[in-house]
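**Q** no letters, just coordinates:
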C-alpha cells in the first residue's frame, strides 16, 4: 500500500487543492461524529447533543427513522429516541450518508459530471464495504465511511476543472486503470490521491483516508492493509452489482488481489457476495437521494 506520507505533508497536491474555490466545506459535525463512533465508551448524551446542533440533519434522520422501512407505529420525534429506536450505528450511517450525498450531488461541479450515478455507486460501495468488514472481523463503521467517501476526489477534481474532468469520465468510464492514468496525465494526481488528501485536511482519521488513497491499488501492506483491501473489493463488487445484478464477483479479475490479501476462499466469497447483495437490496433505498 502506498505509504501514508502521500496523505500528509505540504506539497504540490496541497497546492492544487489550495487553488480550488468551490470545494465542500469542512464537515465539522461529521468529523466529531466519526470520533464519537470510534470511542467504544461513547456517551449517548454527547451524540444527541452533537446532532442537535444540526437541525437540518436532525430533521432528515428523524424523517428516515419514521419511514416505512423501520415499520414502527409510534413516530420518533427526537434524536435520543432515534438512537434508542434504531441504534447509534444506524443513525451514524444515516448521518454519514447524508453528508456524502450532499457533498456529491450538491457540489458546484455536479452539473458537469454524473453526480447521481456517482452517489449511487458510493452508497453501494459503502454498504458492501460494511458487510465485508462485519463478516471479516473489521470495523463495519470505518469500512462503511471509507467506502462512502472513496470517490470524493472525483468531486474535487471536477471542481478544479469541470469541463476537463467531465470529458475524462465520458472517455474513460467511471473507474479503472484508464481513468486513473488519464487523471494522472491531466491533473498530476488520481482521484484517490486527491480525495485522501482532502479528507486528511478535514481531519478525517488515517484509517479512513488510507483506504480512500489506495482503493485502486493491487497490493497492500501496513496498518490498514485489510481495510484497504475491503474498500477495493467493495468498489469492484459495487461496479459489478450495478452492471449485472446477477453477476458473480468471483469471476472479476480486478477483485483477485484484494481477495488474496484478505485470505478469502472461493466458497467464502460466494457467501460474502450473497450477504452483500442482500444488504444492498435492503439498505440502499435508505441512503438514496430523495
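**A** Nice, I can see it. Keep in mind that this is a model prediction, so the values were computed, not measured.
**Q** chain neighbours aside, what residue packs nearest to residue 133?
**A** Distances taken as Cβ to Cβ, 6 or more residues apart in numbering put residue 143 closest to residue 133, at 3.5 Å, once the chain neighbours are dropped. Every residue, glycine included, has its C-beta placed from N, CA and C.
**Q** next: residue 144.
**A** residue 130 (3.8 Å).
**Q** from memory the one you found sits against residue 140, does it?
**A** Yes. Between residue 130 and residue 140 there is a contact at 4.6 Å, judged by Cβ atoms under 8 Å.
**Q** between these two, which one's more packed in?
**A** Taking other Cβ atoms under 10 Å, residue 130 and residue 140 do not tie; residue 130 has more neighbours (28 against 17).
**Q** helix or strand: which one has the more buried one?
**A** helix 115-136 (DSSP states H and E).
**Q** what is that helix packed up against?
**A** Applying 3 or more Cβ pairs under 8 Å, 6 or more residues apart in numbering; DSSP states H and E, one finds that helix 115-136 makes contact with helix 88-105, helix 140-149, helix 225-243, helix 266-287.
**Q** out of those helices, nearest to residue 214?
**A** Among the helices and strands packed on helix 115-136, the nearest to residue 214 by Cβ to Cβ is helix 225-243 (4.5 Å).
**Q** okay, now residue 226: neighbour count?
**A** By other Cβ under 10 Å, 21 other residues sit near residue 226.
**Q** leaving out chain neighbours, which residue sits closest to it?
**A** residue 138 (5.7 Å).
**Q** so the one you found, which state does it fall into?
**A** Classification of residue 138 by DSSP: H, G, I helix; E, B strand; the rest coil places it in coil.
**Q** state the distance from it to residue 23.
**A** 29 Å (Cβ to Cβ, to the nearest Å).
**Q** one more: residue 34?
**A** Distance from residue 34 to residue 23, by Cβ to Cβ: 19 Å.
**Q** if we can go back for a sec, buried ones in the helix holding residue 130?
**A** Within helix 115-136, the residues that count as buried by 16 or more other Cβ atoms under 10 Å are 115, 118-136.
**Q** deepest in the core, which of the helices and strands packed on helix 115-136 is it.
**A** When you average the neighbours per residue for each of the helices and strands packed on helix 115-136 (mean count of other Cβ atoms under 10 Å), helix 140-149 leads with a mean of 28.
**Q** could you say what helices and strands the next helix or strand after that one packs with?
**A** Remark: after helix 140-149, the chain's next helix or strand is helix 152-160, criterion DSSP H and E. The contact analysis (3+ Cβ pairs under 8 Å, 6+ apart) places helix 152-160 against helix 88-105, helix 162-172, helix 177-187, helix 191-202.
**Q** contacts for the helix or strand just after the last one next, please.
**A** The C-terminal neighbour of helix 191-202 among helices and strands, as given by DSSP H and E, is helix 206-213. Under the criterion Cβ atoms under 8 Å, 6 or more residues apart in numbering, residues 1-2, 4, 6-7, 34, 139, 142-143, 145-146, 149-150, 152-153, 192-193, 195-196, 199-200, 222-224, 227-228, 230-232 lie in contact with helix 206-213.
**Q** same question for stretch 14-33.
**A** Applying Cβ under 8 Å, 6+ apart, the external contacts of stretch 14-33 come out as 47, 50-51, 53-54, 57, 92, 95-96, 99, 102-103, 107-109, 155-156, 159-160, 187-189, 194, 197-198, 201-204.
**Q** kind regards, and thank you for your time.
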